[in-house]
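Chemist: Provided below are the primary sequence and the corresponding predicted coordinates.
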Amino acid sequence: MHTTALRLTPLATDNELARLLAALPGELKLERDFPSAVLAEAAAAAGSAPLPDRDATDLELVTLDPIGSADLDQAFQLVREGAGYRFWYAIADVPAFVAPGHLIDAEAHKRGQTMYAPDGRIPLHPTVLSEGAASLLPDQLRGAFVWEFGLDANAAVTSSSLTTARVRSRRRLDYGGVQAAIDGGSADGTLTLLREIGLARLALERARGGASLNLPEVDIDKQNGRYLAIRRAQLPVENWNAQLSLLTGMAAATIMLEGKVGILRTMPPADPESVDRFRHQTRALGAPWPADQPYGEYLAGLDGTNPHHLAILHAAGSLFRGAGYTPFDGTVPADSMQSAVGAPYAHVTAPLRRLVDRFGLVVCEALSSGAPVPDWARSALPQLPAEMSHSSNLAGQLDRRALDAVETAVLAPRVGEIFDGVIIAQNKTGSVVQLADPAVTAECTGHTANGAAVRVRLVTADLDSATLLFEPVA
């Protein structure tokens, strides 16, 4: 499931909005720089981490990430096998570089995850590791957790295994280039099969009642004296690639549940109030969600090139609340489901960027090999939910405050103008209105019934506080 990203264009680098966005990490006490002792330990680890004994350098692995990425967690190979497929997924061996209880480990527990600020990443690990020695960069010998899956003709898993091995990625690919190659017919076997398997896995997701939420990236620009916030649709290849990670996370959850130890990513079904609010938003944005249609099927049918549909995808985040981590040891949890996935699920595919994945990988590899789960990993499981919750809250605040600032900047020149919208919620001071154009959610004075179509006037757009306020027009 992708998160919203904000990106400043060169035209916006010297203006007030850019300065406000750049200040957000400091206001949230997010530290970009690592202590010197952590950097020294990382530099030493980068040159001394052992490689696994098993050799899997014959695999024709490739990585697929946003253009310019250097923190490469995953590499994959897909081949056709009879009526089905074989799928190898190599995940960066971060545990080889992070000694339990040492400085890098302590700093990672403090940070929780890589943060994505509008003006750049705030990494979980020092870049000498995350963009260097531990990253699955092309033509470099690396240690990895290597998953191997057999898939049937419908891309359902028929067999799986996990081991550590030496690997060598062949190519670093980006989403735009791969999408163009697939669309233009020049893609090779693995990339052609990525589309085929990705589509089949999406069909399986809908069949089990799951839903993918691929939130748009927001590009910020300034043209003719006005700020613009442009939501960019996810490319189809991004969705297909995400299905490989989801498949692996479900396999990891199965291993943990069978071994009765691990940590799951769980999420309850959306509550009725959130569902009702979202239905009002879809109506305000011109694409009502039919009452008898599963939400995964509805989201999958939205047009990623339609700006109103992109706004609906962003609003759909309200249906994905309540996600958390459930650790267990000795007893299987009563509720193991991740409702958006439609199955038990665990985070194990992004150890360079997310703390919990390192522990999930170690647990799964031990259980798969019949070895005891290391005490350092087992003892850390109970504290991981709080650490991940804290970092996720900070990441959410960073996203929300940045988007609030952008929306305020976009609307600041339009104070006094009248807009069409729909009331979607109530609060202590008034209502919440969803505008149709631009697709913005904001406070509105007075209490108007949820679902009511309204005309509202913008009365406040304060960039310093990122505050918008509307009032109903009679």
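Modeler: Thanks, I have it.
Chemist: Run through the stretch 51-200 of the chain and note the low-pLDDT ranges.
Modeler: Counting by pLDDT under 70, the stretch 51-200 of the chain contains no low-confidence range.
Chemist: the helices in it, which residues?
Modeler: Remark: helices assigned in the stretch 51-200 of the chain by DSSP state H, counting those that start in this stretch are 103-111, 127-128, 175-184, 189-207.
Chemist: out of those, nearest to residue 389?
Modeler: Taking Cβ to Cβ as the criterion, residue 389 comes closest to helix 103-111 out of the helices of the stretch 51-200 of the chain, the separation being 12.9 Å. Yep, even glycine has a C-beta here, placed from its N, CA and C like the rest.
Chemist: Convert that closest one to CSV, retaining C-alpha atoms only.
Modeler: Written as CSV, here are the backbone C-alpha positions of helix 103-111 (Å, rounded to 0.1, in the frame of the first residue of the first chain):
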residue,chain,number,x,y,z
LEU,A,103,24.4,1.7,18.3
ILE,A,104,22.9,1.2,14.9
ASP,A,105,20.2,-1.1,16.4
ALA,A,106,19.4,1.5,19.1
GLU,A,107,19.1,4.3,16.6
ALA,A,108,16.9,2.2,14.3
HIS,A,109,14.6,1.5,17.3
LYS,A,110,14.4,5.2,17.9
ARG,A,111,13.6,6.1,14.3
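Chemist: Can you tell me which helices and strands that helix packs against?
Modeler: In terms of contact count using 3 or more Cβ pairs under 8 Å, 6 or more residues apart in numbering; DSSP states H and E, helix 103-111 is assigned the packing partners helix 36-46, helix 355-369.
Chemist: go with 10 Å
Modeler: Using 3 or more Cβ pairs under 10 Å, 6 or more residues apart in numbering; DSSP states H and E as the contact criterion, the neighbours of helix 103-111 among helices and strands are helix 36-46, helix 355-369, helix 375-380, helix 384-411.
Chemist: got the angle between that helix and helix 36-46?
Modeler: On the basis of axes from the mean of the first three to the mean of the last three Cα atoms, to 10 degrees, helix 103-111 is oriented at 120 degrees to helix 36-46.
Chemist: So what's the residue count around the residue lying closest to residue 174 once chain neighbours are set aside?
Modeler: Of all residues not flanking residue 174 in the chain, residue 67 sits nearest, at 3.9 Å (Cβ to Cβ, 6 or more residues apart in numbering). Neighbouring residues of residue 67 were enumerated by other Cβ atoms under 10 Å; the total is 10.
Chemist: Please apply the same query to the one 5 residues further on.
Modeler: Residues contacting residue 72 under the criterion other Cβ under 10 Å number 22.
Chemist: Relative to residue 142, how far out is it?
Modeler: For residue 72, the distance to residue 142 (Cβ to Cβ, to the nearest Å) stands at 9 Å.
Chemist: Spit out the residues that contact the two alike.
Modeler: Between them, residue 72 and residue 142 have 92, 134-136, 169 as joint contacts when contacts are counted by Cβ atoms under 10 Å, 6 or more residues apart in numbering.
Chemist: what sits against the nearest residue to residue 85 once chain neighbours are set aside?
Modeler: The spatially closest residue to residue 85, leaving aside those adjacent along the chain, is residue 151, at 4.3 Å (Cβ to Cβ, 6+ apart). Taking Cβ under 10 Å, 6+ apart as the contact definition, residue 151 lies against 78, 80-81, 84-87, 157-160, 193, 197, 200-201, 247.
Chemist: Out of those, which sit inside strands?
Modeler: Among these, the subset assigned to strands under DSSP state E consists of 78, 80-81, 84-87, 157-160.
Chemist: Dump the residues you listed into JSON lines; add distance to residue 56 as well.
Modeler: Supplementary listing: those in JSON lines, determined by distance: Cβ to Cβ, whole Å:
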{"residue": "78", "distance to residue 56": "15"}
{"residue": "80", "distance to residue 56": "20"}
{"residue": "81", "distance to residue 56": "17"}
{"residue": "84", "distance to residue 56": "21"}
{"residue": "85", "distance to residue 56": "18"}
{"residue": "86", "distance to residue 56": "13"}
{"residue": "87", "distance to residue 56": "14"}
{"residue": "157", "distance to residue 56": "20"}
{"residue": "158", "distance to residue 56": "21"}
{"residue": "159", "distance to residue 56": "17"}
{"residue": "160", "distance to residue 56": "16"}
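Chemist: export the residues you listed to TSV and tack on neighbour count and distance to residue 363?
Modeler: Shown next, in TSV, are the ones in strands among the contacts of residue 151 (neighbours: other Cβ atoms under 10 Å; distance: Cβ to Cβ, whole Å):
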residue	neighbour count	distance to residue 363
78	24	26
80	14	32
81	12	29
84	17	28
85	20	27
86	16	25
87	25	21
157	17	19
158	10	23
159	10	20
160	20	15
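Chemist: Pick out the most distant pair among those residues.
Modeler: Taking Cβ to Cβ as the measure, the ones in strands among the contacts of residue 151 reach their widest spread between 80 and 160, a distance of 18.0 Å.
Chemist: Go through the shared contacts of residue 72 and residue 142 and flag which are in strands.
Modeler: Counting by DSSP E, those place residue 92 in strands.
Chemist: filter the shared contacts of residue 72 and residue 142 to the buried ones?
Modeler: Of the members of the shared contacts of residue 72 and residue 142, the ones counted as buried by neighbours, 16 or more other Cβ atoms under 10 Å, are 92, 134-136, 169.
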